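> sequence first, then the predicted structure, then my questions.
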Amino acid sequence: MNRVRSLGMFFVIALCWVAGGVEAGSCRESSLCCSGKDSACVVQKVSINSASQGLTDKPCYCDHACLKLGDCCSDFKEACGVLDCIVSGWGQWSACDSDCGPGAQSRSRIVEREPENGGKHCPQLVQHRGCQGVKCHKRNPKSALKEVALLLPAELSEMRHINDSNDIRTNLRLRYKDNSAYDASKEYCVTFTVTKASKACVKESGLSELSEGSRVCVRCQTQALRRVLDWRCEGDGGTEAMITRWSILSTPHCHGKWLRTKKTGPECDASLCQPKPHFIFV
């Protein structure tokens, strides 16, 4: 952007030229450093009476306004002590502030040198961007209260092993023993005290254990482990002393509530679980 100078100022420059004024295109050689906007703080590169003038022959300025107008002499900043702000490189992005679902993360940089004498201001020091939390299997234990345990009599667990020789899932369990999805050591049993049971449970043979006040043992096998529940069976209550709901899958009208009392290891060593559990999680 070219600045507009008055006709009187034009003649002042002309007189300086004739009187032997400085012709150098340098603020240092011209000994010029002016504050604010001062059109007299100019370095004329060629005579204003010159018959021809190229783009490189245009005058340049040594006042601080030239920083905004874009017509500074090439050495203005160095000669007049103008220092731009200097910042460091960007740091690492922070972790997403959401474990599961939409969230935000940020990164920052620091000021290594503050601006001086009208130098460029410091740029943005903090950046933000969206992110997506992927640790959705880490659920709040309270969410377990909303789960319903779907059960089958323990005798039916044998059905899960009928096709072991042909079942591709079994083959995977044997091949990838270290994978949590096929790790038998993650199996466990849970004991409960039944606090409520529907009348349909009493009418069904083999479900006598599900009467109010009775205690039952339920086994969680690898086939029922859920990755999204951090490798536990759905409806196991989450933690001790939790009251949750249950339902018999083979007898839909048999359902109720129970109080979780104890969780065991893969051996199901609680006396209530011996010689075998009463039910299995589906």
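Alright, I've got the coordinates.

> okay, strands next: where are they in the stretch 101-250 of the chain?
Along the stretch 101-250 of the chain, counting by DSSP state E, counting those that start in this stretch, strands occupy 111-113, 126-134, 148-153, 188-197, 215-220, 225-226, 232-233, 243-248.

> out of these, flag the one nearest residue 277.
Of all the strands of the stretch 101-250 of the chain, strand 215-220 sits nearest to residue 277, with 4.1 Å by Cβ to Cβ. C-beta coordinates here come from the backbone N, C-alpha and C atoms, glycine included.

> from the contact counts, what lies against that closest one?
strand 188-197, strand 279-281 (3 or more Cβ pairs under 8 Å, 6 or more residues apart in numbering; DSSP states H and E).

> could you dump those strands to JSON lines with distance to residue 63?
Output for the helices and strands packed on strand 215-220, formatted as JSON lines (distance: least, Cβ to Cβ, whole Å):
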{"stretch": "strand 188-197", "distance to residue 63": "80"}
{"stretch": "strand 279-281", "distance to residue 63": "81"}
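
> most tightly packed of the ones you listed?
Stretch with highest mean neighbour count among the helices and strands packed on strand 215-220: strand 279-281 (a mean of 24; mean count of other Cβ atoms under 10 Å).

> outline the domain layout of this structure.
Residue ranges for the domains of the chain, per the TED database: 86-134, 141-158+185-281.

> and the ones you listed, which is most packed in?
For the domains of the chain, the largest average neighbour count (mean count of other Cβ under 10 Å) is found in domain 141-158+185-281, namely a mean of 17.

> who touches residue 236 in this structure?
Counting by Cβ atoms under 8 Å, 6 or more residues apart in numbering, residue 236 touches 144, 149, 190, 218, 220, 260, 263, 281.

> right, and the third one touches residue 224 too?
No - Residue 190 is not in contact with residue 224 according to Cβ atoms under 8 Å; the separation is 11.8 Å.

> all helices for this structure, in order.
7-18, 27-30, 66-69, 76-79, 168-175, 199-203 (DSSP state H).

> least reliable of those going by mean pLDDT?
Lowest mean pLDDT within the helices of the chain: helix 7-18, a mean of 38.

> any idea which of the helices and strands packed on strand 215-220 gets closest to residue 84?
Closest among the helices and strands packed on strand 215-220, using Cβ to Cβ: strand 188-197, at 64.3 Å.

> what residues does the closest one touch?
With contact meaning Cβ under 8 Å, 6+ apart, strand 188-197 is reached by 209-220, 236-237, 243, 246, 254-266, 268, 270, 272-273, 277.

> ok, 6 Å please
Around strand 188-197, the neighbours that count as contacts under Cβ atoms under 6 Å, 6 or more residues apart in numbering are 210-212, 214-220, 236, 256-264, 268, 270, 272-273, 277.

> which residues does residue 131 bridge with?
residue 103 (DSSP bridges).

> wait, it touches residue 96, no?
Yes - the criterion here is Cβ atoms under 6 Å, and residue 131 meets it with residue 96 at 3.9 Å.

> find residues that contact each of the two.
Common contacts of residue 131 and residue 96 (Cβ under 6 Å, 6+ apart): 103, 105.

> any weak-confidence spans in the stretch 101-250 of the chain?
Scanning the stretch 101-250 of the chain for pLDDT under 70 picks out the ranges 136-142, 159-182.

> swap in 80 and give it another go.
Low-confidence segments of the stretch 101-250 of the chain (pLDDT under 80): 101, 118, 134-145, 157-182, 205-206.

> what distance do you get for the residue nearest to residue 44 when sequence neighbours are not counted to residue 39?
Nearest non-adjacent residue to residue 44, counting by Cβ to Cβ, 6 or more residues apart in numbering: residue 59, 5.0 Å away. The gap separating residue 59 from residue 39 is 10 Å, by Cβ to Cβ, to the nearest Å.

> done for today, thanks.
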